[in-house]
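In: got a predicted model here, sequence first, then my questions.
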Amino acid sequence: MTRRASPWAWLWLLIGALYFFVPLFATAQFSLKAKKDVLSFAAYQNVLGSPAFFQSFVFSFRTALLTIVISALLIVPTAYWVNLRLPRLRPVIEFLTLLPIVVPAVVLVFALIRTYNRTPLTDSRAGTYILLTGAYVMLSFPYMYRAIDTGLRSINARTLTEAAQSLGAGWGTVLFRVIFPNIYISLLSGAFITFAIVMGEFTIASLLSQPAFGPYMNLLSSSKVYEPSALAILSFGLTWLAIGLLQVFSRRLPGRAQIVGTK
Amino acid sequence: MAFLDLSNIRKSFAQSTAVENFNLEVERGEFISFLGPSGCGKTTTLRMVAGFETPTSGTIKINGVDVTNMPPNQRQVGMVFQSYALFPNMTVAGNIGFGLKVKRQSESAIKARVDEMLKIIHMSEFGGRYPYQMSGGQQQRVALARALAIQPQVLLLDEPLSALDAKIRISLRNEIRAIQRQLGITTIYVTHDQEEALSLSDRVVVMSNGRIEQIGTPFEVYNFPTTRFVASFVGTLNVLSADVADASGKIRIDGQDIQAAKSVANTVTGSSITVALRPEVLSLNGHNTPGAINHLTGTVDDVMFLGPTMRVRVRLKDQSFQFDEFNNPQVPPPQPGQQVTVSFPPEACLLLADT
């Protein structure tokens, strides 16, 4: 017999939904009022037609991809090795990867600037771009590491590695034919979260004077009326698209990692 | 020369020694079980043969080649894990063919070998399925086929049936043995289940606290245990404290004299000794058992009806023991409080060294 949710559960769900969707609806409605007395997409047209929008969007998009690649190259082997050989170090690594959440972005940026002051990293646009990417890689650590570590633990990476080795596989075969295909979804989930963070990040990009999407959004909000609302809705859409793609990819992959047997 | 030779193997971790003074020679095609309680070192020893652990000292040789420090992917040793360890991203055929792909065999050779292995494990129609689409027993059969596909020199199984229910365990263990016999592969099987070890093996290595207690055939290990641990771990055992009555093998249990088959060496009359008796060698008095010249009289404490047999617990003065009787509808079982006498031959007395 199926249990029905209690009325109180429905009430709290309704309150939560209103809390989330009412401001969103209000923002969307405001963004459609760029033309007097008529609902239109004029604000959206102005935003999407602006060269600054595409430049900042492409800049942040490129930086997000670079961040994901560097982060994956750093985190995947680290998490794998910790899982395989150094399980006692896991709490230490977890603590270290959580530091970027604890440390405010302002403090992080000033620490970077102070540390690399009077080096090429602060004396040129390319140098500050490297600092920006490095800061974003650090920001991605909590999400990438936890996602990948969870994935590795769910597939019992150690036993799979030993099974592959007993069949004659070297490290390369183990990593690329056994481990990566089975943590693909975990890697994607960390990657999409990282993507959303980088695309919307403001503080670090602003303080490093980078033409990123976050500072562009802030600039727009101080100079335009309806366009910032349109941009906010577009940003939400972008984030939901990233999550939707994650759902699509996770359904398409064959097989599922199963925790079987006992140990 | 033995096919698999473990010589003076020792494995220490930071604070403890997991395996000590381990010596074993295994002939080609032999089925050996490592039997013992959890933490006795049997899996650690198996992992050293596989190459996942390196011995602190000692050598391991397979077919005359020293593999002690050889990486696991070069040893040509197949392993079946307790948790199956099938690759979730590959089908059954993909899993079985994985080792052959690593060896860069041709697609046709891989397909032929995979089909052959699927036939052996009676799962020919399962080639396209993924691990999550199969039961535990099916997954373990695929894991076995995967390990055998590469034609390993030695097959290692680490408690492969522990995660399965009782019925599947029995049928699968018989399959494993049949396949092993058919292919003639030297096999080491780790288990804590004595029934598995006794029913499958050519020889059993009983281990405790990182050391070998006894190596022998199942018949030898069960009927002639050389230490108290082996006697108590393998099968059910009545362990009774006794005193040495004289040097000819006469011993006294709670005031009752019995005769052991062998004289007791290096003991003084009146000194303490431990006697072990299997429940199945004791018979209720009144049954004509040739050679059953020893008798112990006591009071029935409890009778457990187990269907085809009954297990009767009898109290002596300060100790108690159990014996088994076949269920006979014509003969009523003993009642609690009833005086009974059991008989057994001298050869049934196991005089144990305390370990």
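Out: That came through, no problem.

In: so which elements touch the longest strand along chain B?
Out: As assigned by DSSP state E, the longest strand anywhere in chain B is strand B:294-305. Applying 3 or more C-beta pairs under 8 Å, 6 or more residues apart in numbering or on different chains; DSSP states H and E, we find strand B:294-305 packed against strand B:256-259, strand B:309-315, strand B:320-326, strand B:339-344. All C-beta atoms are positioned from the backbone trio N, CA, C, and that covers glycine.

In: of those strands, which is nearest residue B:48?
Out: Counting by C-beta to C-beta, residue B:48 lies closest to strand B:320-326 out of the helices and strands packed on strand B:294-305; the figure is 39.0 Å.

In: picking up where we left off before, okay if I get the helices and strands packed on strand B:294-305 as a markdown table plus mean pLDDT?
Out: Conversion of the helices and strands packed on strand B:294-305 to a markdown table gives the following (pLDDT from 0 to 100):
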| stretch | mean pLDDT |
| --- | --- |
| strand B:256-259 | 89 |
| strand B:309-315 | 90 |
| strand B:320-326 | 88 |
| strand B:339-344 | 90 |
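
In: okay, the ones you listed in a markdown table with mean neighbour count next?
Out: Shown next, in a markdown table, are these (neighbours: other C-beta atoms under 10 Å in any protein chain shown):
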| stretch | mean neighbour count |
| --- | --- |
| strand B:256-259 | 17 |
| strand B:309-315 | 19 |
| strand B:320-326 | 18 |
| strand B:339-344 | 18 |
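
In: buried residues, the longest strand of chain B. List them.
Out: Across strand B:294-305, burial judged by 16 or more other C-beta atoms under 10 Å in any protein chain shown covers B:294, B:296, B:298, B:300, B:303.

In: what about residue B:51, neighbour count?
Out: Applying other C-beta atoms under 10 Å in any protein chain shown, we find 22 residues neighbouring residue B:51.

In: pretty sure it is touching residue B:76, no?
Out: No. Between residue B:51 and residue B:76 there is no contact under C-beta atoms under 8 Å: 10.5 Å.

In: mind listing what the most centrally placed residue in chain A touches?
Out: Centroid-nearest residue in chain A, with C-alpha atoms, centre = their mean: residue A:194, separated by 1.8 Å. Contacts for residue A:194 (C-beta atoms under 8 Å, 6 or more residues apart in numbering or on different chains) come out as A:64, A:67-68, A:71, A:136, A:139-140, A:143-144.

In: picking that back up, wait, which of the buried residues of strand B:294-305 is closest to chain A?
Out: Ranked by distance to chain A (C-beta to the nearest C-beta), the buried residues of strand B:294-305 are led by residue B:303 at 36.2 Å.

In: beta partners for the closest one?
Out: residue B:312 (DSSP bridges).

In: ok, back up a step: now, the contacts of residue A:194 that are in helices?
Out: Using DSSP state H, A:64, A:67-68, A:71, A:136, A:139-140, A:143-144 are the members of the contacts of residue A:194 that sit in helices.

In: can I assume residue B:176 is in contact with residue B:144?
Out: Yes. Counting by C-beta under 8 Å, residue B:176 touches residue B:144, with 6.6 Å between them.

In: buried ones in stretch A:98-114, by neighbour count?
Out: A:100, A:105, A:108-109, A:112.

In: one more: stretch B:23-33?
Out: Across stretch B:23-33, burial judged by 16+ other C-beta under 10 Å covers B:24, B:26, B:30-33.

In: what does stretch A:87-97 give?
Out: Buried, per 16+ other C-beta under 10 Å, within stretch A:87-97: A:93, A:97.

In: helices of the stretch 51-200 of chain A, residue ranges please.
Out: Here the stretch 51-200 of chain A has its helices, by DSSP state H, counting those that start in this stretch, at A:51-84, A:90-102, A:105-115, A:120-123, A:125-154, A:157-166, A:171-173, A:180-182, A:184-200.

In: number of residues surrounding the closest residue to residue B:200 other than its chain neighbours?
Out: With C-beta to C-beta, 6 or more residues apart in numbering or on different chains as the criterion, residue B:200 has its nearest non-adjacent residue at 5.1 Å, and that residue is residue B:177. Close neighbours of residue B:177, defined as other C-beta under 10 Å, add up to 17.

In: doesn't residue B:155 make contact with residue B:177?
Out: No. Residue B:177 lies out of contact with residue B:155 (C-beta under 8 Å); the separation is 11.7 Å.

In: mind checking which helix or strand the nearest residue to residue B:196 once chain neighbours are set aside is in?
Out: If you skip the residues right next to it in sequence, residue B:196 has residue B:173 as its closest partner in space, 5.7 Å away by C-beta to C-beta, 6+ apart. Using DSSP states H and E, residue B:173 sits within helix B:166-183.

In: can you tell me how far the residue nearest to residue A:193 when sequence neighbours are not counted is from chain B?
Out: Leaving aside its chain neighbours, residue A:193 sits nearest to residue A:143 (4.3 Å; criterion: C-beta to C-beta, 6+ apart). Distance, residue A:143 to chain B, by C-beta to the nearest C-beta, to the nearest Å: 23 Å.

In: before we move on, what about residue A:95?
Out: On the measure of C-beta to the nearest C-beta, residue A:95 and chain B end up 23 Å apart.

In: how about residue A:56?
Out: 39 Å.

In: pLDDT below threshold where in chain A?
Out: Applying pLDDT under 70 to chain A flags the ranges A:1-3, A:250-263.
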